[in-house]
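Novice: using only what follows, build the 3D model:
(one chain, ligands or ions: 1)
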Amino acid sequence: MSHNHPEIREAVAKLCAAFPGEYWRATDRERQYPTQFVQALTQAGYLSVLIPEEYGGSGLGLGAATAVLEEVHRSGCNGGAAHAQMYTMGTILKHGSPEQKARYLPKIASGELRLQAFGVTEPTAGTDTTRISTFARREGDSYVVNGQKIWISRAEHSDLMVLLCRTTAREDAAKPSDGMSVLLVDMREAVGKGLTIRPVRTMLNHATTELFFDNLEVPAANLIGEEGKGFRYILDGMNAERILIASECIGDGRFFIERASAYAKEREVFGRPIGQNQGVQFPIARAHVQLSAAALMVEKAAAMFDAGEPCGTEANMAKLLASEASWFAADMCIQTHGGFGFAEEYDIERKFRETRLYQVAPISTNLILSHVGTHVLGLPKSF
Ligand SMILES: Cc1cc2nc3c(=O)[nH]c(=O)nc-3n(C[C@H](O)[C@H](O)[C@H](O)COP(=O)(O)OP(=O)(O)OC[C@H]3O[C@@H](n4cnc5c(N)ncnc54)[C@H](O)[C@@H]3O)c2cc1C
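Specialist: Coordinates of the predicted model:
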């Protein structure tokens, strides 16, 4: 819904106006990281809204964070380069030691430290995270890490990374989800000393990478929480991520609906505006109906998160509904624009590519349906 946090929305829209379509087209074309945009969001304090005031953030909560990202996307910008700075720190906030919180959170809040890389996915494990094989072997005061990760976004633009690895082999653990641990990797020290980053070019400008670990030494003091409990810690952080990404999809959907409505009123063919034809008008109206329903689920999930209630199912449902609503709106917007929908200068084909990601990442639609089928409805498990 667009009614909550009106002051934040207005201020974010104003900030985004300084980053018009030309800026995003150029970064997209060159596959450049939108550094100035991320700096502007950081300096305005929008990336620290989830960090409590005692650590230098504004502590406004997830409802405010969804307003920020929705407006970013509604304005035609892309929060994908910056959104992880908002929520990745949740692992430290929730499971870090008092020393780790005091050491890292204030600098993350000010933007002095960028913690926006999150290393979970591996090429051979896919969505089955219990099959990851990147291994951290304890040696004295260090862990020695070996393995490989894929699709680790923003790794080249991050000072720190939250890394999930095995500390006990799957076959030696009591349960498949046991024996994984979270390490905070200082990328500034790691690159070239056991960590290699290789960019992966994709259909959208997302600064995503492959990581190779070859005897990378990480201080044991950088273990977050208890050894072997990392899978649980990572799951805890995923609700915020899913709700925030759902809010980006709502923003994308609004962008497409606003652009399509404006064009359908103005473009005349056969002597009348194309929007006068119900064949053009109804898909725009349907996109609005679907997006409005999805926005309510995003709002509900964010409110539950902020109230400290379990919200795994609602976060998943919000992400599924919002990503499908934004994709329907994207397709509708291209169709409404006819040939011009494919022209780079209209920004629609770029947003179309960008919003497609969210039915796959950070979790694919099928895996959400599987969660709802088995955990909510009690249907037989397929894996
Ligand atoms: C641009 C981009 C950025 C990303 N950023 C990050 C990041 O920063 N950090 C990170 O850790 N990861 C990141 N990811 C990884 C992302 O989370 C995964 O791609 C996503 O979770 C899907 O996993 P997968 O690609 O391994 O697909 P797979 O697990 O191989 O699945 C492939 C397809 O099969 C389906 N499928 C698999 N098993 C089943 C089943 N049992 N039943 C029904 N369907 C099934 C899936 O739904 C999917 O559609 C990113 C991915 C992309 C593309």
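Novice: what is the burial count for Met187?
Specialist: When neighbours are defined as other CB atoms under 10 Å, Met187 has 19 of them. Any C-beta I mention is one placed from the backbone N, CA and C, and that applies to glycine too.
Novice: then Ala84?
Specialist: With other CB under 10 Å as criterion, Ala84 counts 24.
Novice: just the residues contacting the one helix or strand it maps to, thanks.
Specialist: Element membership for Ala84, per DSSP states H and E: helix 83-87. Helix 83-87 is contacted by residues 38, 42, 47-50, 65, 69, 108, 111, 114-118, 153-154, 237, 240-241, 244-245, 248 when judged by CB atoms under 8 Å, 6 or more residues apart in numbering.
Novice: kindly report the same for stretch 114-127.
Specialist: 82, 84-85, 88-89, 92, 104, 108, 129, 131-134, 147-155, 157-164, 185, 187, 211, 234, 363-364, 367.
Novice: if we can go back for a sec, ChimeraX command for the buried members of the contacts of helix 83-87?
Specialist: Filtering the contacts of helix 83-87 down to the buried ones (16 or more other CB atoms under 10 Å) takes a single ChimeraX command:
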select :38,42,47,48,49,50,65,69,108,111,114,115,116,117,118,153,154,237,240,241,244,245,248
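Novice: in helices, which of the contacts of helix 83-87 appear?
Specialist: Counting by DSSP state H, the part of the contacts of helix 83-87 found in helices is 38, 42, 65, 69, 108, 237, 240-241, 244-245, 248.
Novice: near the ligand too, which of those residues?
Specialist: By CB under 6 Å from any ligand atom, no member of the ones in helices among the contacts of helix 83-87 lies near the ligand.
Novice: nearest to Ala221, of those?
Specialist: Closest to Ala221 out of the ones in helices among the contacts of helix 83-87 is Ile108 (17.4 Å), distances taken as CB to CB.
Novice: correct me if wrong: that closest one contacts Pro52.
Specialist: No - if you go by CB atoms under 8 Å, Ile108 and Pro52 don't touch, sitting 11.8 Å apart.
Novice: return the residues of the protein in contact with the ligand.
Specialist: Applying CB under 6 Å from any ligand atom, we find that the chain lies next to the ligand at 118-121, 126-127, 151-153, 202, 206, 208, 357, 360-364, 366-367, 370, 382-383.
Novice: just the buried members of those residues?
Specialist: 118-121, 151-153, 206, 208, 357, 361-364, 370.
Novice: which of these fall in strands?
Specialist: Those of those mapping onto strands are 118-119, 151-153, 208, per DSSP state E.
Novice: next, the distance between the ends of stretch 352-368.
Specialist: 22 Å (CA to CA, to the nearest Å).
Novice: and Cys165, how far is that from Thr129?
Specialist: 11 Å (CB to CB, to the nearest Å).
Novice: need the overlap of contacts for the two.
Specialist: By CB under 8 Å, 6+ apart, the residues touching both Cys165 and Thr129 are Met180.
Novice: neighbour-wise, which of those two wins?
Specialist: Of the pair Cys165 and Thr129, Cys165 is the one with more neighbours under other CB under 10 Å, namely 27 against 18.
Novice: is that one in a helix, a strand, or coil?
Specialist: strand (DSSP: H, G, I helix; E, B strand; the rest coil).
Novice: what residues are up against it?
Specialist: Contacts of Cys165 (CB under 8 Å, 6+ apart): 132, 134-136, 145, 147, 180-181, 183, 230.
Novice: need the max-distance pair from the residues you listed.
Specialist: Farthest apart among the contacts of Cys165 by CB to CB are Gly147 and Gly230. That separation is 14.0 Å.
Novice: looking at these two, which is more packed in?
Specialist: Gly230 (30 against 19).
Novice: check which helix or strand covers the residue in the stretch 51-200 of the chain positioned nearest to the ligand.
Specialist: Residue nearest to the ligand within the stretch 51-200 of the chain (CB to the nearest ligand atom): Gly126, separated by 2.8 Å. Here Gly126 sits in a region with no helix or strand, counting by DSSP H and E.
Novice: and it, what's its pLDDT?
Specialist: Note for Gly126: predicted pLDDT of 94.
Novice: renumber starting at 52 from here on
Specialist: Right, with 52 as the first residue, what we last looked at is Gly177.
Novice: now it, what are its backbone angles?
Specialist: phi 60, psi -140 (degrees, to the nearest 10).
Novice: so where do the strands sit in the stretch 202-351 of the chain?
Specialist: Along the stretch 202-351 of the chain, the segments classed as strands by DSSP state E, counting those that start in this stretch run 211-217, 231-237, 246-250, 259-270, 274-275, 319-320, 323-324.
Novice: buried deepest among those strands, which one?
Specialist: Comparing these by mean neighbour count (mean count of other CB atoms under 10 Å), strand 211-217 ranks first with a mean of 25.
Novice: that strand versus strand 259-270: what angle between them?
Specialist: Using axes from the mean of the first three to the mean of the last three CA atoms, to 10 degrees, the inter-axis angle of strand 211-217 relative to strand 259-270 is 80 degrees.
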